[in-house]
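**Student:** Got a predicted model here, sequence first, then my questions.
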Amino acid sequence: MRQAGIITDETMRELCAHGTPGFPFAFYDEDLQQFREGCIDWHWHRELEWVFVKSGSVDCRAEGEHVRLRAGDGIFFNSRTIHRMEAAGGAHIPNILFSPEFLAPRERQVYREAVAPVTDSGLQFAALRRDNELDRPVLARLERAIGAAEQGDGLDVQLAVLELWRAFWRARGKEFARCAAGRDTLAQARTRAMVQFIADHYAQKLTLEQIARSAGVSKSEALRCFHKTLQSTPVQFLLQYRLEQARTRLLSTDDTVTRIAVECGVENISYFVRQFSARYGRTPLAYRRQNRG
């Protein structure tokens with residue numbers, strides 16, 4: 001099966017355009033088996049995202065929390081929320097994304113009263129459970145919106161999305177509005193700054209102190225930000241970033257494993273091979289042989 005993936009910049013912002021300026025809406029009919037290791041890795045985007053689990057089960061992580069969704073459940077990811085989804089056995093997850101302005105222009109009263117309280121909220125996501133009476137009307141309208149997107153009629157899509165938002169606002173709006181001042185945007189911004197520093201300097205010898213200094217914070221605050229945002233540490237993230245860069249070079253060059261490891265910032269070759277094997281399930285050379293071409 002063709003391996004799918006998402007492309008992000010150094011701050012983990014997804015680079016794919018979802019929809020067009022005239023119709024900022026996108027629909028994706030995806031199975032997590034299409035993605036490498038059954039995972040849509042850490043990323044964020046300005047659009048609001050809705051995912052419906054049609055089959056399988058999905059582990060979702062978003063800024064310090066973890067939820068498991070089963071068939072019939074869904075999830076809403078707020079704007080600019082860093083999130084990740086994975087399913088070892090595959091899962092069918094049709095999903096829709098749209099900009100907040102798809103609901104109403106920013107200067108309109110409807111936007112100020114029923115959209116901004118969510119996008120500005122301290123809540124990053126909402127898990128929607130099929131066995132929760134409050135969530136069932138929202139899930140029903142999410143399925144309708146997905147059905148309209150499959151048919152591709154723009155007017156039906158817009159109407160279905162507005163009905164979805166109305167159901168969601170009535171069910172969860174007060175919950176989001178109560179958290180309007182609580183969102184830890186500072187932790188997200190600091191994490192993105194440190195991730196950018198890692199992307200720019202991963203080939204060099206880096207310490208936790210250097211990574212923290214790149215965002216103007218202490219080592220303990222750097223650890224807090226990474227734990228809250230990515231459930232990781234800066235050093236763990238640095239290693240994973242190096243391994244991903246090495247994986248890309250294994251497939252795109254004929255460089256030796258030793259050269260790739262060193263140029264990706266890992267001078268201990270045996271350590272590099274162990275860590276690569278643990279992450280990707282085979283040695284670097286075996287991975288190259290199996291996946292090239």
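**Tutor:** Received it, and whenever you're ready, just let me know what you need.

**Student:** Enumerate the positions of the lowest-mean-pLDDT helix or strand in the chain that are buried.
**Tutor:** Averaged element by element with mean pLDDT, DSSP states H and E, the chain has its least confident helix or strand at helix 185-201 (a mean of 86). In terms of neighbour count (16 or more other CB atoms under 10 Å), helix 185-201 has its buried residues at 187-188, 190-198. The C-beta positions use only the backbone N, C-alpha and C, and glycine is treated the same way.

**Student:** again with stretch 104-120
**Tutor:** When burial is assessed from 16+ other CB under 10 Å, stretch 104-120 yields the following buried residues: 104, 111, 114-120.

**Student:** So which other helices or strands are in contact with the host helix or strand of Arg166?
**Tutor:** Using DSSP states H and E, Arg166 maps to helix 154-178. For helix 154-178, the helices and strands in contact under the criterion 3 or more CB pairs under 8 Å, 6 or more residues apart in numbering; DSSP states H and E are strand 25-28, helix 109-114, helix 116-119, strand 125-128, helix 136-151.

**Student:** Can you give the contact residues for it?
**Tutor:** Under the contact criterion CB atoms under 8 Å, 6 or more residues apart in numbering, helix 154-178 has outside partners 23, 25, 50, 76, 96, 98, 102-103, 114-115, 117-118, 121, 123, 126, 134-135, 137-138, 140-142, 144-145, 147-149.

**Student:** hmm, try it at 7 Å
**Tutor:** Residues outside helix 154-178 that contact it (CB atoms under 7 Å, 6 or more residues apart in numbering) are 23, 25, 76, 98, 102-103, 114, 117-118, 121, 123, 126, 134-135, 137-138, 141-142, 144-145, 148-149.

**Student:** Likewise for stretch 240-253?
**Tutor:** With CB under 7 Å, 6+ apart as the criterion, stretch 240-253 contacts 198-199, 202, 255, 260-261, 264-266, 275-276, 279-280, 284, 287-288, 291-292.
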